[in-house]
Each structure stands twice: as structure tokens, then as C-alpha cells.
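Trainee: Below are the sequence and a predicted model for it; my questions follow.
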Amino acid sequence: MASDEGHILVWQEIGDLVRRGVVRREGGVAPAQVQPASLDLTVGRRAWRVRTGFLAGKERVSTRLEELALFEMDLQGGAVLERGHPYILEVREKLSLPAGLKARCNPRSSTGRLDIFVRVLADRCPRFDEVPEGYKGPLYLEVVPRSFSVRVKEGLSLNQVRFFTGDPRLTDAELRSRAARDPLALDPEGRPLAPEALTVEEGLILGVSLEAPPAGPPVVGYRARRFSGLVDLSRPGAHPKEDYWEPIPPPPGGRLILEPEVFYILASREKVVVPPDLAAEMLPFDVGLGELRTNYAGFFDNGFGPARAVLEVRAHDAPFLVEEGQALFKMQYFRTAALPDHLYGDPALGSHYQEQGLALSRHFK
């Protein structure tokens, strides 16, 4: 339930934060980093291979690194992060949040679709990906490549940050009221779903598609190959997808068994719509599973869609059966105080996944 009329800051408000020095980095924040309701953060020059992931707790991240770092790496010319190993990367942007303004971080879509586990650390903060009001200091990334070893270099963007006041979430009643006025989801044929056809439970609950689209190849998803080459994150479109991914044909009876600790790219059954005055975030749908993760990257900015949501899925410890239309995630919607001057899909912003279907990361050709 929303406790007050908070809101997420949008493009022009984020630009104002940059001009006021709330967000700053040496050399200045590039205009291209500003998105409709988020800001792309960029990787700094230094990284550390660490023995284990950690929370800063009551310490500075740099203090934890003195204890846990195995060696330091220079990312200026690029370096390889090996699959299955944890790293800490410095972020070039620093924050000086005023009272009443908080921040929340999330991996970018391309990062999540590569099965790169990324979360933000801040000095003396007890939680990942959340930065409290009044925070002044640096940010760091914990990065664990899960399916592929990756090459990263200074200046690349692996994650995003949103700024917000109060509690900007729409309540279920507000969400149903909004769905009565504007479609928030379309069926596979592109017809708006009526409010009474939606499942709303602290967000809009949506399902997975295991049926091949009417046009295009008969593929319902992709399974990451176990032994693949390096993915250079600075070279979009340079990697043959067949070297890294195995296509999944429509399974018999619309039922697919997910192998444990294997990474899958699937797509939602419904097409998602984010109205211009709202932002959204994809969250795992809690059905008491415990052993299934359904997304790594979750921010959807104002104006997204209508398009299918891409699901980044990994079963843990045991095989898991999914069926056509099964609820696997929810969309939580947030109010914004103003319309952003640029919406998702604007060519000026370099939006990569507007009107997407089943789509791999932009690094594959």
C-alpha cells in the first residue's frame, strides 16, 4: 500500500539533479545517461576480485575491500570477469542525496539477459540496491557473471538508478482504476485486457508464453550453452547467438521442465504497457517457490510497449516445471509527478527493446 503521494523522478528532474550536483562524476554526467525515469550508471577504472560478496554493514566498502580483495584490476583498457567469480567494481557517479530523496538501483536489460548478477553497494548501507535519503558518497557494483565470462571496460553501463520521494507505488485499487481507463496489458492477439480479466495482487500478475508466435521462427525461448566463449560488453551485435544460446522449440503440451542452474530467456504471454505518466518495475511473483528466479533486470520506463516482457529465469537445486500462461512475475506501477520530456522508445535515447518480442541481449547478432 502506498503510504503517501510519493513519485519517481523523470527525465527533466533527473537532469536537474545532475545540474545541482546531486549526481556527479569527474568529467560530467553525459546527457545520454539520462532515461525517461532512470539514470544509467557507469563503471569506473578500478575493480577487485574478491573472495566473497558482502554488505558494507557499518563499514565503508573500501574498508571491506581491504579484508576481502584478492587483487585489484585496471578497467581502463578492459579486463575479463570470469564466470562464477565475484568482483567489486567502482562506479564513476557519486551521490549527494538531499533529505526526502532516495535511490533504488537495478541491472540494465542487457546485463540481465546476459545472466550477469549485479547489485549496488553503498557505504554503511545495510541493503543492496537501495540508497537512503541524505547519503553522500561513492557507489560500487558487486558483479558475478553466471553463464558467460565477460569483458568489461571503464565507462560501460551495467545498471541504472531511480530517484524517488515517499512511496510512489500504486495501490491495487489505483491500479484497477487505471486499468479501467488505459490498457496496462494486451492479450497475445494484441487486444486490451479488461480490468476484470487482470490478476492484481500488490501489482499486475502476468504469465509466461510457451507457444510459438504466429510469425517468425518456432522458438519459445533460449537456453544458455554451458561452455561458451567470452562476451565483450563493448561490442554490441558482434557475437553469433548460436555459439552462446540453444533455441527452445514449443514444448509438447505447453509444458517445459527447467533444468537446475541453467539460464533461460523466455517471454511473457501478455504484452505490457507502461503509460506515459507511470513507470514500472518487474518483480518475481512470490508463489512460495523459493527455488526459481524469474528476473534480474526490472526497470520499465514511461512509454514502454506495448511489448512482451523478457523473463530471465533460473531454477535452483531441482528441476522445475512451467506451463503455458503460468504466473511467473508481476509488474508494479509507480506514479511520476510529471510527464518525462522523452519517453521510452524515443530515438534520441537509444532505447533498444521497444516493441520487442522474444529478444536476446543486443550483444548478439
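Mentor: Arrived safely, thanks for sending.

Trainee: tell me the secondary structure for the residue nearest to residue 219 when sequence neighbours are not counted?
Mentor: Using CB to CB, 6 or more residues apart in numbering and skipping the chain neighbours, the partner closest in space to residue 219 is residue 247 (4.6 Å). Quick note: C-beta positions are derived from backbone N, CA and C, even for glycine. Three-state assignment for residue 247 (DSSP: H, G, I helix; E, B strand; the rest coil): strand.

Trainee: surely residue 247 meets residue 224?
Mentor: No. Using CB atoms under 8 Å, residue 247 is not in contact with residue 224, being 11.6 Å away.

Trainee: Those two: which has the busier surroundings?
Mentor: Taking neighbours as other CB atoms under 10 Å, residue 247 and residue 224 compare with residue 224 leading, 18 against 14.

Trainee: List the beta-bridge partners for the more buried one.
Mentor: residue 245 (DSSP bridges).

Trainee: Could you list which residues are in contact with the residue nearest to residue 219?
Mentor: 217, 219, 221, 222 (CB atoms under 8 Å, 6 or more residues apart in numbering).

Trainee: Backbone dihedrals for the last one, both of them.
Mentor: Looking back up the chat, that one is residue 222. phi -140, psi 140 (degrees, to the nearest 10).

Trainee: quick one: it and residue 272, what's the gap?
Mentor: Separation of residue 222 from residue 272 (CB to CB, to the nearest Å): 20 Å.

Trainee: ditto for the third one
Mentor: When CB to CB is the yardstick, residue 221 and residue 272 sit 17 Å from each other.

Trainee: and the two? which has more neighbours close in?
Mentor: residue 221 (25 against 21).

Trainee: so what's that one up against?
Mentor: Contacts of residue 221 by CB under 8 Å, 6+ apart are 210, 247, 248, 256, 264, 265, 266, 267, 358.

Trainee: Dump these into a markdown table; add pLDDT, distance to residue 141 and secondary structure as well.
Mentor: What follows is the contacts of residue 221, written out as a markdown table (pLDDT from 0 to 100; distance: CB to CB, whole Å; DSSP: H, G, I helix; E, B strand; the rest coil):
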| residue | pLDDT | distance to residue 141 | secondary structure |
| --- | --- | --- | --- |
| 210 | 97 | 34 | coil |
| 247 | 97 | 31 | strand |
| 248 | 98 | 31 | strand |
| 256 | 97 | 32 | strand |
| 264 | 96 | 24 | strand |
| 265 | 96 | 22 | strand |
| 266 | 96 | 26 | strand |
| 267 | 95 | 27 | strand |
| 358 | 89 | 28 | coil |
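
Trainee: hmm, back to that, for the contacts of residue 247, which single residue is the most surrounded?
Mentor: Ranking these using other CB under 10 Å puts residue 221 first, with 25 neighbours.

Trainee: Filter the contacts of residue 221 down to the buried ones.
Mentor: 210, 248, 256, 264, 265, 266, 267, 358 (16 or more other CB atoms under 10 Å).

Trainee: Hmm, residue 264 and the last one touching each other?
Mentor: Read that as residue 358. No. Look at residue 358 against residue 264 with CB under 8 Å: they stay out of range, at 11.2 Å.

Trainee: intersection of neighbour lists for those two?
Mentor: What both residue 358 and residue 264 touch, as defined by CB under 8 Å, 6+ apart, is the set 221, 222.

Trainee: Where does pLDDT dip in this structure?
Mentor: 1-4, 285-291, 297, 350-356 (pLDDT under 70).

Trainee: How is it divided into domains?
Mentor: In terms of domains, the chain is parsed into 7-165, 172-349 (source: automatic domain parsing).

Trainee: Can I get those domains in a markdown table including distance to residue 362?
Mentor: Formatted as a markdown table, the domains of the chain follow (distance: least, CB to CB, whole Å):
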| stretch | distance to residue 362 |
| --- | --- |
| domain 7-165 | 6 |
| domain 172-349 | 5 |
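
Trainee: Looking at the ones you listed, which is nearest to residue 365?
Mentor: domain 172-349 (4.9 Å; CB to CB).

Trainee: For the closest one, measure first residue to last.
Mentor: 31 Å (CA to CA, to the nearest Å).
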